[in-house]
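Participant: fold the following.
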Amino acid sequence: MGGTAGCSLDDVHEAVGQGAGSDAAGEALSRALAPLVAHDALRLAATSPSAEFGPAAFSFWHHFDPGLGLALLHRSYSDGSECSPLVRARPAVVLSGDLYRAHGVGSALLALLRDRRGTWGALELLRSPGGKQFNDEDARRAAQLGPALAAVLRQYVTSGPLTPQTPMLAPGVLIVGPDHRMRAATRQAHAWREHLRASHRTPDFTDAAHLAGLSLQTRRCLKDPRARPPVLTAPPASHGRWVGCHTQPLDDGSGDVAVVIEAITGKRLLPSFCDWYGITPRERQVVSQLCDGAAAKHIARRLDLSVHTVNEHLKAVFRKTAASGRDELVAALTG
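Facilitator: Got it, this is the predicted structure:
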């Protein structure tokens with residue numbers, strides 16, 4: 001039985017294992033969590049340890065107002081009031097304020113999804129006005145869900161196709177203005193947007209909320225050199241292949257930000273790929289060499305390992321990814 005005391009996630013695992021879309025997975029998740037922490041709406045946003053807590057790579061929603069999600073995102077990136085203290089302090093916290101009340105929310109609870117390997121995203125639960133407020137006991141219970149929900153997210157990614165199932169589109173560029181709204185897009189970017197919307201697996205990460213998050217984080221980096229540039233990497237389970245977004249501010253005085261959307265392959269994919277499939281640092285070194293076309297004996301020489309050890313690492317990676325062998329693994333990373 002998956003989950004924690006009083007909460008079985010078996011139905012959620014079944015839903016994501018069968019390739020359920022965002023709405024179906026969100027509904028199954030809501031039903032599973034209700035006995036442990038009662039709520040009226042939820043969203044489950046996924047990242048990965050190598051990305052730290054940046055824009056969500058994919059998410060599941062249930063009765064959660066998209067307008068509230070966008071407003072929370074603006075507040076989070078503009079003043080750091082939402083997730084930053086949570087990331088650095090408690091794993092779950094009860095939230096309130098005018099922003100929630102303006103969207104018809106009586107009480108909110110935000111919990112990070114943490115396990116021994118890092119942070120995998122966040123769960124936000126909402127209750128309607130007039131009902132019972134979330135309390136510290138609810139926060140404690142939600143915090144306990146972190147490892148179990150992280151496992152759900154990993155299952156969603158690893159249950160998807162290993163090798164690309166859709167054609168590789170040319171990179172596209174979207175221009176986002178100082179108001180964090182899209183101002184222009186190349187033909188290739190429009191093609192990407194059509195592809196992402198057609199997939200129907202999770203919310204389109206070129207929508208207003210995601211573009212605003214990428215824009216806000218890019219501008220934060222200009223003010224704070226310690227802030228990490230935003231990189232968003234979504235898995236084939238969502239869109240048929242690994243797809244990524246990264247940003248650059250335009251140096252023309254306009255205040256615009258360029259968002260590049262493209263297929264992610266090779267060594268640029270390795271951090272996210274290794275996170276989701278549980279590939280160790282040493283196994284990652286071997287896979288990186290494999291992507292360069294190196295044979296086992298050459299990998300062994302470069303990494304100062306025996307050929308036997310290299311082959312054992314490769315067997316472990318094949319087992320974790322369910323790859324049939326070297327060719328399928330390389331195709332998964334470079335195709």
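Participant: would you mind giving the secondary structure of the residue nearest to Leu95 when sequence neighbours are not counted?
Facilitator: Closest residue to Leu95 apart from its sequence neighbours, by Cβ to Cβ, 6 or more residues apart in numbering: Ala108 at 4.2 Å. Backbone N, C-alpha and C define where each C-beta goes, glycine included. Three-state assignment for Ala108 (DSSP: H, G, I helix; E, B strand; the rest coil): strand.
Participant: any idea which helix or strand comes after the helix or strand of the chain with the lowest mean pLDDT?
Facilitator: Of all regular secondary-structure elements in the chain, judged by mean pLDDT, DSSP states H and E, the least confident is helix 84-88 with a mean of 46. The helix or strand immediately downstream of helix 84-88 is strand 92-95, counting by DSSP states H and E.
Participant: and the residue nearest to Leu95, what is it in contact with?
Facilitator: For Ala108, the contacting residues are Val94, Leu95, Ser96, Tyr100, Glu124, Leu125, Leu126, Arg127, Phe134, by Cβ atoms under 8 Å, 6 or more residues apart in numbering.
Participant: and it, how far from Val93?
Facilitator: Ala108 sits at a distance of 9 Å from Val93 (criterion: Cβ to Cβ, to the nearest Å).
Participant: next: Leu305.
Facilitator: For Leu305 relative to Val93 (Cβ to Cβ), the value is 45 Å.
Participant: now Ala198
Facilitator: Taken as Cβ to Cβ, the span from Ala198 to Val93 is 37 Å.
Participant: and Ile279, by the same measure?
Facilitator: For Ile279, the distance to Val93 (Cβ to Cβ) stands at 32 Å.
Participant: do Arg284 as well
Facilitator: For Arg284, the distance to Val93 (Cβ to Cβ) stands at 34 Å.
Participant: give me the buried positions along stretch 298-310.
Facilitator: Residues Ile299, Ala300, Leu303, Leu305, Thr309, Val310 are the ones in stretch 298-310 that count as buried (16 or more other Cβ atoms under 10 Å).
Participant: sorry, slip of the keys, the one I care about is stretch 265-275.
Facilitator: Those would be Thr265, Arg268, Leu269, Leu270, Pro271, Ser272, Phe273, Cys274, Asp275, for stretch 265-275 by 16+ other Cβ under 10 Å.
Participant: now that stretch, how far from the chain's geometric center?
Facilitator: 13 Å (Cα atoms, centre = their mean, to the nearest Å).
Participant: same question, stretch 278-298
Facilitator: 24 Å.
Participant: circling back to that earlier point, now, the buried residues of stretch 265-275 that are in helices?
Facilitator: Arg268, Leu269, Leu270, Pro271, Ser272, Phe273, Cys274, Asp275 (DSSP state H).
Participant: which among those residues gets closest to Glu14?
Facilitator: Proximity of these to Glu14 (Cβ to Cβ) peaks at Asp275, which lies at 23.6 Å.
Participant: can you pull the pLDDT of that closest one?
Facilitator: Predicted confidence (pLDDT) for Asp275: 95.
Participant: so what's it up against?
Facilitator: Applying Cβ under 8 Å, 6+ apart, one finds that Asp275 lies in contact with Ser48, Pro49, Ser50, Ala51, Arg117, Gly118.
Participant: where does the second one land on pLDDT?
Facilitator: It refers to Pro49. Residue-level pLDDT assigned to Pro49 equals 89.
Participant: run through the stretch 101-250 of the chain and note the low-pLDDT ranges.
Facilitator: Along the stretch 101-250 of the chain, the parts satisfying pLDDT under 70 run over 200-203, 205.
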